[in-house]
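> Below are the sequence and a predicted model for it; my questions follow.
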Amino acid sequence: MSKIRYKTDDEIELIRESAMLVSLTLAEVAKVIAPGITTLQLDKLAYEFISDHQAIPAFLNYNGFPYSLCISPNEQVVHGFPGDHVIREGDLISVDCGVIKNGFFGDSAFTFSIGEVSAEKQKLVRVTKECLDLAVSKATAGMRVGDVGFACQQHAEVNGFGVVRELVGHGVGFELHEKPEVANYGKRGSGIKLEEGMVIAIEPMINAGVAGVKFWQDGWTVTTKDNKPSAHFEHTVAVRKGKPDVLSSFSPIEEVLQQKK
């Protein structure tokens, strides 16, 4: 079993650069995502933007994954393949992105609401984002991974939503996926203790219906068991004393979306 790999302050700053490039890439996606666009067009845009910034898409060819983005519409939870799927009014589109810059990895995800979405989808997106904020707030030195998971799980379930258990957050920085695993469910006070120098990707995957998921034969795509919509938000976070240090940011994305209104 591999060990947790701790990062220095200088290394965390390099991870921040990578995570912020992910945020800026997702903001570029936000500029063009709209009904009529295919998910493959978004993938091409991301590849070019990341490459133009002297970085490498972290997902491209990762364990054979053939794209720069994971794009997961509606009932797809995560790891969806970009393709000829045409985005439509009312869709939820989860976009997950990672980059390698200066040898360090950043990872973040955002779920886009396309035009007028249903009340159920609006609530799902809002609650999933709140789950992320609550989970991130527990990512401080001395807390445990169970505290992070409990904060997410409690808020999702109080709102009547299912928390995906087969997929979890993870350490990140030197590699795309490192120890520890960071589940979106758990018991307070349980699991590995969080310490300064840890960098983790916290990524609630919340389903409108049941928590169960199905794995496609392509080896990647994951959908909800009941075909109800799912939402996914993710931040790269450095564990600090007193207050978490969020290395990615939704601000560039939300500024673009506000301008489009």
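Nice, thanks for sending it over.

> Do a quick rundown of the helices in the stretch 101-250 of the chain.
Taking DSSP state H, counting those that start in this stretch as the test, the helices found in the stretch 101-250 of the chain are 119-137, 145-158.

> how about the CA coordinates for stretch 31-41, as CSV?
What follows is stretch 31-41, C-alpha atoms only, in CSV (Å, rounded to 0.1, in the frame of the first residue of the first chain):
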residue,chain,number,x,y,z
LYS,A,31,-17.7,30.6,-22.5
VAL,A,32,-18.9,28.3,-25.3
ILE,A,33,-21.0,25.6,-23.6
ALA,A,34,-24.6,26.0,-24.9
PRO,A,35,-27.3,24.1,-26.8
GLY,A,36,-26.1,22.8,-30.1
ILE,A,37,-22.4,22.3,-29.1
THR,A,38,-21.1,18.8,-29.0
THR,A,39,-19.1,17.5,-26.1
LEU,A,40,-16.2,16.7,-28.4
GLN,A,41,-15.9,20.4,-29.4
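
> What average pLDDT does that stretch get?
Across stretch 31-41, pLDDT averages out at 98.

> Would you mark the buried spots in that stretch?
Buried residues in stretch 31-41, defined by neighbour count with 16 or more other CB atoms under 10 Å: 33, 37, 39, 40, 41. For glycine as for every other residue, the C-beta is placed from the backbone atoms N, C-alpha and C.

> that older thread, so which of the helices of the stretch 101-250 of the chain is the most surrounded?
Comparing the helices of the stretch 101-250 of the chain by mean neighbour count (mean count of other CB atoms under 10 Å), helix 145-158 ranks first with a mean of 22.

> That helix packs against which elements?
helix 119-137, strand 162-163, strand 178-182 (3 or more CB pairs under 8 Å, 6 or more residues apart in numbering; DSSP states H and E).

> So for residue 224, which of those sits nearest?
strand 162-163 (7.9 Å; CB to CB).

> Partner strands of the closest one, with direction?
strand 205-207 (antiparallel) (DSSP bridges).

> got the contact list for the partner strand?
Outside strand 205-207, the residues within contact range by CB atoms under 8 Å, 6 or more residues apart in numbering are 77-78, 124, 127-128, 131, 156, 161-164, 167, 184, 213, 224, 226, 228-232.

> which strands and helices sit next to the longest helix anywhere in the chain?
What stands out as the longest helix in the chain, according to DSSP state H, is helix 9-32. Helix 9-32 sits against helix 39-52, strand 92-101, strand 104-113, strand 235-238, helix 251-260, with contacts defined as 3+ CB pairs under 8 Å, 6+ apart.

> Of these, give the one that comes closest to residue 173.
Nearest of the helices and strands packed on helix 9-32 (CB to CB): strand 104-113, 5.9 Å.

> Okay, angle between that closest one and helix 39-52 too, please.
150 degrees (axes from the mean of the first three to the mean of the last three CA atoms, to 10 degrees).
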